[in-house]
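# Turn this into a structure:
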Amino acid sequence: MLRSYIATPYNSGPLIVAENAKNGRTLAKYARLKGFNPLSPTENYNHLSDVVDERKIMELCINLLLLCDCVHFAPNWELSTGARIEHAIATATRIPIILVTHADLVSEKLSWIEKTSW
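Predicted coordinates for the structure are as follows:
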């Protein structure tokens, strides 16, 4: 089973952290439904956000990303500085990128929290 990194906004964009975390779990579920073994930095490192600075968490995320066979990017990944960095690293290291759309999630009857304005 291929390991897939789950790239979603966490602390940026129009949603609060709890909503972004829920979306991360939804994207992981989608990847699982498609036969991947999802590795989600939100689930792995969320507990560190109050004790470790953002740079160190990004370093952990990058290390996790480099262990994966591909990356699933959330519909709104461009809103996140971290996800843009992850996209650049995946591109540079030729890790396959899967851009998941809102329609992809709806087709699997998965809910996605979305806000259109800040």
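# Can you give me the buried ones in stretch 102-118?
Going by neighbour count (16 or more other CB atoms under 10 Å), the buried part of stretch 102-118 is 104-105, 110, 112. Where C-beta positions appear, they are placed from N, C-alpha and C, glycine not excepted.
# residues making contact with that stretch?
For stretch 102-118, contacts defined as CB atoms under 8 Å, 6 or more residues apart in numbering pick out 14-15, 19, 22-23, 26-27, 29-30, 33, 75-76.
# Now flag whichever of these is closest to L99.
Nearest to L99 out of the contacts of stretch 102-118 is P75 (CB to CB; 8.2 Å).
# Give me the buried positions along the least confident helix or strand in the chain by mean pLDDT.
Taking mean pLDDT, DSSP states H and E as the measure, helix 41-45 is the helix or strand of the chain with the lowest mean score, a mean of 79. Residues 41-42, 45 are the ones in helix 41-45 that count as buried (16+ other CB under 10 Å).
# got those residues as a markdown table, with distance to I62 columns?
Compiled in a markdown table, the buried residues of helix 41-45 are given as follows (distance: CB to CB, whole Å):
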| residue | distance to I62 |
| --- | --- |
| P41 | 9 |
| T42 | 15 |
| Y45 | 11 |
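# got the residue ranges for the strands in the chain?
Using DSSP state E, the strands of the chain run over 3-7, 37-39, 70-73, 97-99.
# which of these sits most buried?
strand 3-7 (a mean of 26; mean count of other CB atoms under 10 Å).
# So which elements touch that one?
Under the contact definition 3 or more CB pairs under 8 Å, 6 or more residues apart in numbering; DSSP states H and E, strand 3-7 sits against helix 17-33, strand 37-39, helix 41-45, helix 54-66, strand 70-73, helix 81-92.
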